[in-house]
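Enquirer: The following block contains a protein sequence and its predicted model.
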Amino acid sequence: MNGNDMPTNVRLTQSEQEALRQKAIEINKLLIKQGRQPLRDSELVHKILEKSLAYAQLTSEGEIVIEYE
């Protein structure tokens, strides 16, 4: 295993953890209705990062936004 595949921990605030839990519940209900396997919270975080990092931008005001073009 090379250094790029090593697991890294990220600390989430309580509100971030709760928002993630709520989103996981929402998405997992839909996945189950489609007959698919639900995702663990960690899997959901990986998917969100994978899909959104390419769209992260910095505005002229210094705010980080997700710009989907």
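Expert: Ah, there it is. Residues are numbered from 1 along each chain as shown.
Enquirer: So which bits of stretch 22-39 are buried?
Expert: 24, 28 (16 or more other Cβ atoms under 10 Å). C-beta here means a position set from N, CA and C on the backbone, and glycine is covered the same way.
Enquirer: what does it contact?
Expert: Stretch 22-39 is contacted from outside by 40-41, 44, 47, using Cβ atoms under 8 Å, 6 or more residues apart in numbering.
Enquirer: Write the PyMOL selection for whichever of those are buried.
Expert: Entered in PyMOL, the line below selects the buried ones among these, by 16+ other Cβ under 10 Å:
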select buried, resi 44
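Enquirer: Go through the contacts of stretch 22-39 and name the one nearest residue 14.
Expert: Within the contacts of stretch 22-39, the smallest distance to residue 14 is 14.0 Å, found for residue 41 (Cβ to Cβ).
Enquirer: Assign the nearest residue in space to that closest one that is not next to it in sequence to helix, strand or coil.
Expert: Leaving aside its chain neighbours, residue 41 sits nearest to residue 24 (5.0 Å; criterion: Cβ to Cβ, 6 or more residues apart in numbering). State at residue 24, reduced to three classes by DSSP: H, G, I helix; E, B strand; the rest coil: helix.
Enquirer: Just the pLDDT at residue 24, thanks.
Expert: Here the pLDDT value assigned to residue 24 is 96.
Enquirer: same thing with residue 42?
Expert: With respect to pLDDT, residue 42 scores 90.
Enquirer: ditto for residue 68
Expert: 83.
Enquirer: Name all residues that make contact with it.
Expert: Here residue 68 is in contact with residue 55 (Cβ under 8 Å, 6+ apart).
Enquirer: Listing request: residues of this structure with sub-threshold pLDDT.
Expert: 1-4, 6 (pLDDT under 70).
Enquirer: all helices of it, in order?
Expert: For the chain, helices defined by DSSP state H occupy the ranges 14-33, 41-52.
Enquirer: Which strands or helices does the shortest one pack on?
Expert: Spelled out, that is helix 41-52. On a contact count with 3 or more Cβ pairs under 8 Å, 6 or more residues apart in numbering; DSSP states H and E, helix 41-52 meets helix 14-33.
Enquirer: That concludes my questions; thank you for your assistance.
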